[in-house]
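Colleague: Here is a sequence together with a model predicted from it:
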Amino acid sequence: MTVLATLVPLQAVAFALVALGAPVVVLTRDPLRQALVNSVYGVSLVCLFVVLEAPDPALSMLVVSGIGYPLVLLTAIARVRGERRRAEEAADD
Amino acid sequence: MTRRVRIVVLAPALLGLGALFAWAIAGLPAFGDYRGPYGYVLNQVVVPLRHTTNVVMGVTFDVRGIDTMGEEFILYAAVLGVTLLLRDESGSNTVERHTRRLGSDAVRLAGVLMVGGGVLVGLWLVAFGYVTPGGGFQGGVVVAGAILLLYVVGSHRDYRPFRDEHVLDPLEGLGAGGYVMVGLAALASGTAFLTNLFGPGKSGTLLSGGSIGVLNWTSAFAVTAAMLLLFAHFLETYVAPLELEDAGA
């Protein structure tokens, strides 16, 4: 239990980071920036899982928030922006 | 609908949702409270029986090994679906694309070092998955993600071997099929499907866990190949056409 007790301040900090990070993700308006901010928020969740002594969910969260989700978001954003640019070019012609 | 009407409609819904949410939160068990018996049972049983110091892996690849097989085939089916949807019938895979490279040498060097480091961390996560936290699924995604970084810091040509279906498809099949083969080997030796075959080994070493180590590597192969196949299709369908426009402009 002594180990758990020393972790309490760290857990409080990790919870605070998560609580602060979530609204920041929501309040970011630009999708590209939002994808990056969301990844940073994911890292704060990873830290929370680690200090709650749950390393396996932390690893899963790391690969989801660090690799899987940003990839899907970034390809979607690239696709939408590419189409918008193409439409603008067509309008210019 | 005016703003006023919207707020009038929203307010009771928000209040109701808030009340239900508060009710649900109030009924939660205390922080750190754990009621289920299974966690306690597994913590007692897995290390003495299977000698895998990471109990999670002992559970996923042995105690409920057949569920993990199902999960692996969910991933397999998902990648199959993406492949069928995004299949490139024009054969443009064979065209050597010339795309812009990153301008800064420092960024490229740092990126290439990160590719190497990432692959190493991924392989370590896989190899020691049943000794320390990690495992085939997470490690496989890390390896694939590190390889994807090569596309970002390098070029299409550098990344080419890692989006070649002639390499990835057999790897994916080996991973998904290998899991079933381990299960069938147990069946052939006269025990139940996916029974742990080899001795439990020495606890805390790479030679612990028996079949768990083999299953761990097969799923790592399957997951790495699945992720690389997904990246290949996404890049080919969504990102590469845009880059081609940039290069032409």
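Modeller: Looks like it arrived, so ask away. If you're wondering where the values come from, they're calculated on a predicted model, not measured in any experiment.

Colleague: What is the three-state secondary structure of residue B:212?
Modeller: Following DSSP: H, G, I helix; E, B strand; the rest coil, we place residue B:212 in the helix state.

Colleague: excluding its backbone neighbours, what's nearest it?
Modeller: Nearest residue to residue B:212, sequence neighbours excluded (Cβ to Cβ, 6 or more residues apart in numbering or on different chains): residue B:61, at 4.5 Å. For glycine as for every other residue, the C-beta is placed from the backbone atoms N, C-alpha and C.

Colleague: likewise residue B:185?
Modeller: Spatial nearest neighbour of residue B:185, chain neighbours left out: residue B:197 (6.4 Å); criterion: Cβ to Cβ, 6+ apart.

Colleague: Give me the distance between that neighbour and residue B:50.
Modeller: Here the distance between residue B:197 and residue B:50 works out to 12 Å (Cβ to Cβ, to the nearest Å).

Colleague: Looking at those two now, which is surrounded by more residues?
Modeller: A side-by-side neighbour count of residue B:197 and residue B:50, using other Cβ atoms under 10 Å in any protein chain shown, places residue B:50 first with 25 against 14.

Colleague: quick one: contacts for the more buried one?
Modeller: The contact partners of residue B:50, by Cβ atoms under 8 Å, 6 or more residues apart in numbering or on different chains, come to B:58, B:62, B:196, B:200, B:208, B:209, B:210, B:212.

Colleague: Pull up the residues of chain A that are close to chain B.
Modeller: For chain A, the contact set with chain B under Cβ under 8 Å from any Cβ of the partner chain comprises A:55-56, A:58-60, A:62-63, A:66-68, A:71-72, A:75-76, A:78-79, A:82, A:86.

Colleague: quick one, helices of the chain?
Modeller: You didn't say which chain, so I picked chain A. A:2-27, A:31-51, A:55-63, A:69-92 (DSSP state H).

Colleague: oops, I was thinking of chain B
Modeller: Using DSSP H, the helices assigned to chain B run over residues B:3-26, B:37-50, B:55-58, B:65-86, B:105-127, B:136-153, B:156-159, B:165-188, B:211-234, B:240-248.

Colleague: Those into a markdown table, with extra columns for mean pLDDT?
Modeller: Below are the helices of chain B laid out as a markdown table (pLDDT from 0 to 100):
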| stretch | mean pLDDT |
| --- | --- |
| helix B:3-26 | 94 |
| helix B:37-50 | 89 |
| helix B:55-58 | 89 |
| helix B:65-86 | 91 |
| helix B:105-127 | 91 |
| helix B:136-153 | 89 |
| helix B:156-159 | 76 |
| helix B:165-188 | 91 |
| helix B:211-234 | 91 |
| helix B:240-248 | 60 |
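
Colleague: what about the ones you listed, which gets the closest to residue A:21?
Modeller: With distances scored as Cβ to Cβ, the stretch of the helices of chain B nearest to residue A:21 is helix B:3-26 (19.9 Å).

Colleague: can that closest one be found next to chain A?
Modeller: No. Contact of helix B:3-26 with chain A (Cβ under 8 Å from any Cβ) is absent, the minimum separation being 14.3 Å.

Colleague: Please report the distance of the residue nearest to residue B:185 from residue B:222.
Modeller: Counting by Cβ to Cβ, the separation of residue B:197 from residue B:222 is 19 Å.

Colleague: Quickly compare the helices of chain A and say which is most buried.
Modeller: helix A:55-63 (a mean of 20; mean count of other Cβ atoms under 10 Å in any protein chain shown).

Colleague: tell me the mean pLDDT over it?
Modeller: Along helix A:55-63, the predicted confidence averages to a pLDDT of 89.

Colleague: can you tell me which of the helices of chain A comes nearest to residue B:41?
Modeller: helix A:55-63 (18.0 Å).
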